[in-house]
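Peer 1: Using only what follows, build the 3D model:
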Amino acid sequence: MKFLAIMGHEETRPQVRKLFQQYRVHMFSNIAIRGCNCQRSEMESMSWWPSDESLGTYSSLCFAILDASKAEEIMAELEKNPIAVDKDFPARAFLMNVEKFA
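Peer 2: This next block holds a predicted model:
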């Protein structure tokens, strides 16, 4: 069994869901993520901007536990046809082994 997680901009979530449906994979769950920017923006260097806050980015992480062969097919599809709302920032996929599942 494999754990497949696909993370991208929040707007890519419907495309990721569609991909899972296309391969008849039941998505286990999805998580909304508010990330932080590691580089200071011009706004953050202004004296009136709170120093402990940064402008966040919003992402989505969708994941499933599935057979290895189907996971490899989805990974190949993502390499061939990346999911993106901005071509410079395609969704990223992570594939890991599942040792146990209860």
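Peer 1: Of all the helices and strands in the protein, which has the lowest average confidence?
Peer 2: strand 29-36 (a mean of 79; mean pLDDT, DSSP states H and E).
Peer 1: Please point out which parts of that one sit buried.
Peer 2: Asn30 (16 or more other C-beta atoms under 10 Å). Placement of C-beta: from N, CA and C, glycine included.
Peer 1: Strand 29-36 and whichever helix or strand comes after that strand, what's the angle between them?
Peer 2: Next in sequence after strand 29-36, counting helices and strands by DSSP states H and E, comes strand 56-66. Orientation check (axes from the mean of the first three to the mean of the last three C-alpha atoms, to 10 degrees): strand 56-66 against strand 29-36 gives 150 degrees.
Peer 1: Need the residues that contact strand 56-66.
Peer 2: Strand 56-66 is contacted from outside by 1-10, 12-13, 16-17, 20, 25-37, 98, 101, using C-beta atoms under 8 Å, 6 or more residues apart in numbering.
Peer 1: redo that, cut-off 6 Å
Peer 2: 1-7, 10, 13, 16, 25, 27-28, 30-31, 33-36, 98 (C-beta atoms under 6 Å, 6 or more residues apart in numbering).
Peer 1: for the helix or strand following it, packing partners?
Peer 2: Using DSSP H and E, the helix or strand that directly follows strand 56-66 along the chain is helix 68-80. Judged by 3 or more C-beta pairs under 6 Å, 6 or more residues apart in numbering; DSSP states H and E, helix 68-80 is in contact with strand 2-9, strand 92-97.
Peer 1: Not counting helix 68-80 itself, show me its contacts.
Peer 2: Lys2, Leu4, Tyr23, Ala93, Leu95.
Peer 1: Next up, the contacts around the second one.
Peer 2: Read that as Leu4. Counting by C-beta under 6 Å, 6+ apart, Leu4 has contacts Ala64, Ala71, Leu95.
Peer 1: still on that earlier bit, out of the contacts of helix 68-80, who has the most neighbours?
Peer 2: When neighbours are counted by other C-beta atoms under 10 Å, Leu4 leads these with 26 neighbours.
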